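Asks: here's a sequence, model it:
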Amino acid sequence: MVSADWATKSVTEQACAVRESRVSSRELVELYLDRAEQLGEGVNALVTIDEEGARRTADELDRMHARGRSAGPLHGVPFSVKDALETQGIRSTCGVPEMAGHVPDADAVAVARVKQAGGVLLGKSNTPMWCGDSDTVNEIFGATHNPWDPSRSAGGSSGGSAAAVAAGLTGFELGTDICGSIRSPSSLCGVFGHKPSYGIVPQHGYLDQIGGCVMEPDLNVVGPIARGAADLALVLDVLAGPGAAAATAWQLALPRPRPLRDCRVALWLDVPDCPLPQAYRTAMTKLAGELSDAGVAVTEAHPDVDFRHQSDLCLTLVAAAMTVSGDDDGGMTHLAWLRAQEEKHRLESVWRQWFASYDLLICPTWPGPAFVPEQDVTVAQRSVCIDGRNVSHLDATRWFGLVSVVGLPSTALPIGDIGGLPIGAQIVGPSLHDHQTIAAAGEISRSRGGYRPPPGF
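Replies: Predicted coordinates for the structure are as follows:
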C-alpha cells in the first residue's frame, strides 16, 4: 500500500508517478477506497462508490502501462463525479428521490472524455436536488459536511465534489456550475475550482430533468475541482472541445496564458448593497497589496454595469433554465426569455469592451468562511450573518451570478482563512481565456500556500 500522503497529492503528481512506475493505479484506487471507508462517513461526500469497476479499470490501465502504452494525460488517476452527471452502469440521481434507481446506459460526454484520457472513476459525489441549493443536502443521501468543521456546510451545489477533493477521498472531481456551484464549495472547502467559459465543455448527460438534458442548459457549465491550479488546466484540456455533432467542422484552441506580471489586473470589492465581512475584505485587500508589491499592475476598477441588475438577470435566467426540472409550467414566457437574452448579450458586449483594457478581474466568491446550515428551509429562505447583519443566501451568491450570466471563465482559489476556516477569491477573465485565469490562480497560490489538507485528513 502506498503512503497516505498520496491521497492529497495533485493530479499532476499522481499522473507523473504512475507514468514513472513509482505508484500503480491500483494502489491509488485502494488508497482512496480505504479512506472512503475510514474517513468518508463523517463527511458524506461520496454517496455511490463503484469498487469493482474502479479496481477493474485500474488493473487494465496498469497492464497497459506495463506494455509501454498510455491511455492519455490522466492515465491511472482516480476521480469522482458530481451526481448531476450520468455515469454508465452507476446510479445517477441528481439528489432527486424519483431518480434513486436511475442507472444510465452511457456516460455524460465530460465523464467519457476523462475516462478516455485514462481517468479511473471511483463513484459519485453528493448534490442537492436538481443542483438547486447553496447547501448540499437531499432526501436520498442526507447532508454533506465540511471536512474543516463537520458542523458547517460544504456549500452547494457541488458540495460533495469539493468536500471529497479537500478530504483526499478522490484525485479530482467533475462538478457543475450555474451560479457558483463549483466556485462556492471550492472556496468553503479550501480547494481550486474552475467555471469554464460557457459552451466549451459539452453538457450532454447533465441531469437537469428526469432522463437527462437533450440540449445545452442556459448558463450552466461542467468543470473541474482539484487541489492545484495546474490540475485544473490539465483536466480542462481533456474536457474542452466541440461535441460530436460539431467536431467534424470545428476545433477549439484556447489561448495560452501570459505571466501574471504582464497582466493588467482589476480588483472589485465595493458594492453598497452586497456587503463583505470586514475580515474577508481585509484578506482580499491584503492579496491585492501583495500582488502590487510583486510588480503586478492592480487597479480598483470594474465594468460600467449595474451590479444588482446584472446579478438579478442571472437569477431570472437561472430560474428559467431550472424550470425544465420543475413540477409546474409557471416559467417565463418565450418573449420574456428573449428579452432577457437580449439584455444578457448587451452585457456581454460591455464586458468584452472592458476586457480590452484589463486582462483579469479579482473579486469575491462566498463572502466569508463556511456557514452553519439551516435545516428545512429553501435557498431563498436561508441567510448568513455578515458582521451582525443577516444577508440572504441569494444575495451572498450575487458575485457568482455576476460572472455566470455573461458566460465568463472564473477560477476559484484558496487565499487564506478566517478563524481557521478556508476562504477564497475568484479570478475572472475574458471569454475563452480560461487558461489565463487558471495560470493566475496558480501563480498567486504559490505565494499563499495553496491547498492544505483539513485536520485529520
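
Asks: count of neighbours near Ala112?
Replies: 17 (other CB atoms under 10 Å). Glycine gets a C-beta too; all of them are placed from N, C-alpha and C.

Asks: hmm, who's touching the helix or strand hosting it?
Replies: Secondary structure assignment for Ala112, by DSSP states H and E: helix 109-116. Outside helix 109-116, the residues within contact range by CB atoms under 8 Å, 6 or more residues apart in numbering are 57, 71-72, 74, 79, 81, 85-87, 106-107, 121, 174, 201-205, 222, 235, 238-239, 241, 243-244.

Asks: can you give me phi and psi for the residue of the chain positioned farthest from its centre?
Replies: The centre of the chain is farthest from one residue, Arg67, which by CA atoms, centre = their mean lies 35.3 Å away. Backbone torsions for Arg67, taken as degrees, to the nearest 10, come to phi -90, psi 10.

Asks: so which other helices or strands are in contact with the helix or strand containing Leu338?
Replies: Using DSSP H and E, Leu338 maps to helix 334-354. Where contact means 3 or more CB pairs under 8 Å, 6 or more residues apart in numbering; DSSP states H and E, helix 334-354 is packed against helix 307-322.

Asks: for the nearest residue to Ala249 once chain neighbours are set aside, give me the pLDDT.
Replies: Take Ala249 and drop its neighbours on the chain: the residue closest to it by CB to CB, 6 or more residues apart in numbering is Pro242, 7.8 Å away. At Pro242, the pLDDT value in this model is 97.

Asks: any idea how far Pro242 is from Gln116?
Replies: Relative to Gln116, Pro242 is positioned 15 Å away (CB to CB, to the nearest Å).

Asks: rewinding a little: take the contacts of helix 109-116 and keep only those in helices.
Replies: Cross-referencing those against helices under DSSP state H gives Thr57, Val235, Val238, Leu239.

Asks: got a winner among the residues you listed for most neighbours?
Replies: Val235 leads the ones in helices among the contacts of helix 109-116 on contacts (other CB under 10 Å) with 29 neighbours.

Asks: so the residue nearest to Ala249 sits right up against Gln251, yeah?
Replies: Yes - counting by CB atoms under 8 Å, Gln251 is a contact partner of Pro242 at 7.1 Å.

Asks: neighbour count winner among these two?
Replies: Taking other CB under 10 Å, Pro242 and Gln251 do not tie; Pro242 has more neighbours (15 against 8).

Asks: who are the contact partners of the residue lying closest to Ile200 once chain neighbours are set aside?
Replies: Residue nearest to Ile200 in three dimensions, not counting chain neighbours: Ala240, with 4.7 Å by CB to CB, 6+ apart. Applying CB under 8 Å, 6+ apart, we find Ala240 in contact with Pro196, Ile200, Val201, Leu252, Leu254, Asp434.

Asks: list the contacts of the fourth one.
Replies: This means Leu252. If you count contacts by CB under 8 Å, 6+ apart, Leu252 has them with Ile200, Ala240, Gly241, Pro242.

Asks: can you say which helix or strand has the closest residue to Met99 other than its chain neighbours in it?
Replies: Using CB to CB, 6+ apart and skipping the chain neighbours, the partner closest in space to Met99 is Thr93 (4.3 Å). Using DSSP H and E, Thr93 sits within no helix or strand.

Asks: pretty sure Thr93 contacts His102?
Replies: Yes - the pair Thr93 / His102 is scored as a contact, 6.0 Å apart, by CB under 8 Å.

Asks: neighbour count for these two, which is higher?
Replies: Thr93 (24 against 16).

Asks: quick one: contacts for that one?
Replies: Asp83, Met99, Ala100, His102, Ile140, Leu207.

Asks: could I get those residues as JSON lines with pLDDT, secondary structure and distance to Ser3?
Replies: JSON lines is the format used below for the contacts of Thr93 (pLDDT from 0 to 100; DSSP: H, G, I helix; E, B strand; the rest coil; distance: CB to CB, whole Å):
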{"residue": "Asp83", "pLDDT": "98", "secondary structure": "coil", "distance to Ser3": "30"}
{"residue": "Met99", "pLDDT": "96", "secondary structure": "helix", "distance to Ser3": "39"}
{"residue": "Ala100", "pLDDT": "97", "secondary structure": "coil", "distance to Ser3": "37"}
{"residue": "His102", "pLDDT": "96", "secondary structure": "coil", "distance to Ser3": "38"}
{"residue": "Ile140", "pLDDT": "98", "secondary structure": "coil", "distance to Ser3": "35"}
{"residue": "Leu207", "pLDDT": "96", "secondary structure": "coil", "distance to Ser3": "37"}
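
Asks: can you tell me which of these are buried?
Replies: Asp83, Met99, His102, Ile140, Leu207 (16 or more other CB atoms under 10 Å).

Asks: now the helix holding Leu338: buried residues?
Replies: Trp337, Ala340, Glu343, Lys344, Leu347, Glu348, Trp351, Trp354.
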